[in-house]
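1. I'd like to go over a predicted model; first the sequence, then the structure.
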Amino acid sequence: MKQIVVLRVSMDGQKRFCFCIMAGRKARTKAMKIAVSVPGVEAASLKGNDKDQIEVKGEGIDTVKLTTLIRKKVGHAEIVSVKEDKKEDKKPEAKWEVVWPYVSGVPSYSIY
């Protein structure tokens, strides 16, 4: 089952109990690297007006593990939503056409 996970991450780089402050661009880059490194993730993108949300698409994503990793490495992170991806690849149904040509009085047919 493919799923879409949306996380809100503090992109100002402020971490608790740490004296280092990352710039916004560096925090975004680090959060995206972490999001893509989690097993099952196929794609990740930034969303929201302030680009403070990460949308992750994939199959079998452990959202708690992802959120915990981002909290440890970047800063505050919270799960906004988890939903199933409805746009799965649907194979077109095979259409059968039966043709009944009559040749020399004996019916024969072909299936295409």
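-> That came through fine. Numbers count the residues shown, from 1 in each chain.
2. who touches residue 32 in this structure?
-> For residue 32, the contact set (CB atoms under 8 Å, 6 or more residues apart in numbering) comprises 44, 46, 54. Yep, even glycine has a C-beta here, placed from its N, CA and C like the rest.
3. and with 7 Å instead?
-> Shown in contact with residue 32 (CB atoms under 7 Å, 6 or more residues apart in numbering): 44, 54.
4. checking it next. Helix, strand or coil?
-> Under the three-state scheme (DSSP: H, G, I helix; E, B strand; the rest coil), the conformation of residue 32 reads as helix.
5. with residue 45 instead?
-> Classification of residue 45 using three-state DSSP returns strand.
6. once you drop chain neighbours, what's closest to it?
-> Taking CB to CB, 6 or more residues apart in numbering, and ignoring the residues beside it in sequence, residue 45 has residue 55 as its nearest neighbour in space, at 5.1 Å.
7. identify the bridge partners of the one you found.
-> Beta bridges link residue 55 to residue 6, residue 45, judged by DSSP bridges.
8. and it, how far from residue 84?
-> Shown here: residue 55 relative to residue 84, a distance of 14 Å by CB to CB, to the nearest Å.
9. and these two? Which one has more around it.
-> Neighbour comparison, residue 55 and residue 84: the larger count goes to residue 55, with 17 against 9 (by other CB atoms under 10 Å).
10. show me where the chain has its strands.
-> Listed in chain order, the strands of the chain (DSSP state E) span residues 2-9, 41-47, 53-59, 77-84, 98-99, 102-103, 106-107, 110-111.
11. kindly export the fourth one (C-alpha atoms) in PDB.
-> In other words, strand 77-84. Extracted C-alpha coordinates of strand 77-84, given in PDB (Å, rounded to 0.1, in the frame of the first residue of the first chain):
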ATOM      1  CA  ALA A  77       9.100  17.800  13.700                       C
ATOM      2  CA  GLU A  78       5.500  16.600  13.900                       C
ATOM      3  CA  ILE A  79       3.300  14.400  11.800                       C
ATOM      4  CA  VAL A  80       0.600  16.400  10.000                       C
ATOM      5  CA  SER A  81      -1.100  13.600   8.000                       C
ATOM      6  CA  VAL A  82      -0.800  10.100   6.800                       C
ATOM      7  CA  LYS A  83      -3.000   8.900   4.000                       C
ATOM      8  CA  GLU A  84      -3.200   6.300   1.300                       C
END
